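Q: the sequence and its predicted three-dimensional model are supplied below.
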Amino acid sequence: MTVTVISVGTVKESYITEAVAEYEKRIRAYSKIENISIKEERLGEKEDKGAIEKALRTEGEKILSAIPDGAFRIALCVEGRMFSSEALAEKITEASGRSGKICFIIGSSYGLSDHVKQSCDLLLSVSPLTFPHQLMRVILAEALYRSLTISAGKKYHK
């Protein structure tokens with residue numbers, strides 16, 4: 001299985017980068033993993049609805065062009081479906097059986113364009129709470145690692 005994580009924006013905090021790197025090291029025992037960062041569009045002085053929608057469209061085009069062909073597409077968004085750890089592990093196992101490729105998408109601080117969400121096979125929410133999109137990288141990496149260990153029958157999950 002190959003997992004691709006596409007995320008919008010850059011991470012400046014070393015503690016986030018280090019946490020993601022640690023989980024990715026663990027994930028590599030079960031899967032290949034690739035990270036693709038998309039530059040977040042600048043809104044300028046006006047952060048009105050039109051400027052945000054334009055930025056999301058531009059980011060969305062870049063996201064869609066970066067998704068590996070044939071990948072099962074999972075967008076992380078607040079309106080997505082929530083899963084238990086076991087159910088997410090089952091969903092990832094099922095999705096990887098289709099093409100061997102899964103692509104997770106994390107949007108910018110303004111989220112994802114409707115076009116990106118509509119192109120995905122699954123909309124995933126990890127919580128009704130709101131998290132910074134940089135921190136979501138860590139949360140996703142941990143959830144993915146937990147899912148892979150559950151599928152492999154390892155003891156990490158409790």
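A: That came through, no problem.

Q: elements contacting the strand ranked longest in the chain?
A: Criterion DSSP state E: the longest strand present in the chain is strand 72-81. Packing contacts for strand 72-81, counted by 3 or more CB pairs under 8 Å, 6 or more residues apart in numbering; DSSP states H and E, involve helix 85-99, strand 101-106, helix 114-119, strand 122-124. For the C-beta atoms, the positions are set from N, CA and C on the backbone; glycine is no exception.

Q: list the contacts of Glu79.
A: Leu123, Ser125 (CB atoms under 8 Å, 6 or more residues apart in numbering).

Q: if we go by neighbour counts, what in the longest strand of the chain is buried?
A: Within strand 72-81, the residues scored as buried using 16 or more other CB atoms under 10 Å are Phe72, Arg73, Ile74, Ala75, Leu76, Cys77, Gly80.

Q: mind picking the two most distant members of the residues you listed?
A: Phe72 and Cys77 (16.0 Å; CB to CB).

Q: contacting residues around stretch 57-65?
A: 6, 8, 38-41, 105, 107-108, 112-113, 115-116, 119.

Q: hmm, which of those are the buried ones?
A: The buried subset of the contacts of stretch 57-65 (16+ other CB under 10 Å) comprises Ile6, Val8, Ile38, Glu40, Glu41, Ile105, Gly107, Ser108, Leu112, Ser113, Val116, Ser119.

Q: wait, which of those is closest to Tyr23?
A: Nearest to Tyr23, judged by CB to CB, of the buried ones among the contacts of stretch 57-65 is Ile6 at 16.6 Å.
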